[in-house]
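Asks: A structural model of the following input is requested.
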Amino acid sequence: MSVRRSKLDLVLGVLHAVGGGVDKPTRIMYAVNLSWRPTQAILGSLVEQGLLEEFVVAGERRSRRRYGLTEKGQGVLRYFDGAQLLLDIDDIATTQ
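Replies: Predicted coordinates:
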């Protein structure tokens, strides 16, 4: 039986993926292992909150969206990565 991921885990997964250089929506979806609708909802929410910025790149047939991590988004990642290190959450999860 697998454990459901929290919304926080999903959001942090998206931020980590974008921070790691993944900028296309479909690639973000695959990196975080989500379906399309939740990915779109999370990306929209993160753009609204100022954690990601959306770029529109004009293509030959249609425009394409790309995402980048803002300074605020980098700060959130640093904060939660630091909290995870302090709590050793990975060690707790594997011992149960």
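Asks: okay, and the beta partners of Arg65?
Replies: Arg65 has these beta-bridge partners by DSSP bridges: Val56.
Asks: and it, how far is that from His16?
Replies: Here Arg65 is placed at a distance of 19 Å from His16 (C-beta to C-beta, to the nearest Å). The C-beta positions use only the backbone N, C-alpha and C, and glycine is treated the same way.
Asks: which one's more surrounded, the two?
Replies: Between Arg65 and His16, counted using other C-beta atoms under 10 Å, the more crowded position is His16 (16 against 13).
Asks: are we agreed that that one is in a helix?
Replies: Yes - according to DSSP: H, G, I helix; E, B strand; the rest coil, His16 belongs to a helix.
Asks: which pLDDT value belongs to it?
Replies: Note on His16: pLDDT of 96.
Asks: repeat that for Thr95.
Replies: In the predicted model, Thr95 carries a pLDDT score of 53.
Asks: same thing with Ile92?
Replies: pLDDT at Ile92 comes out at 58.
Asks: for Phe55, list the residues it contacts.
Replies: Contacts for Phe55 (C-beta atoms under 8 Å, 6 or more residues apart in numbering) come out as 23, 65-68.
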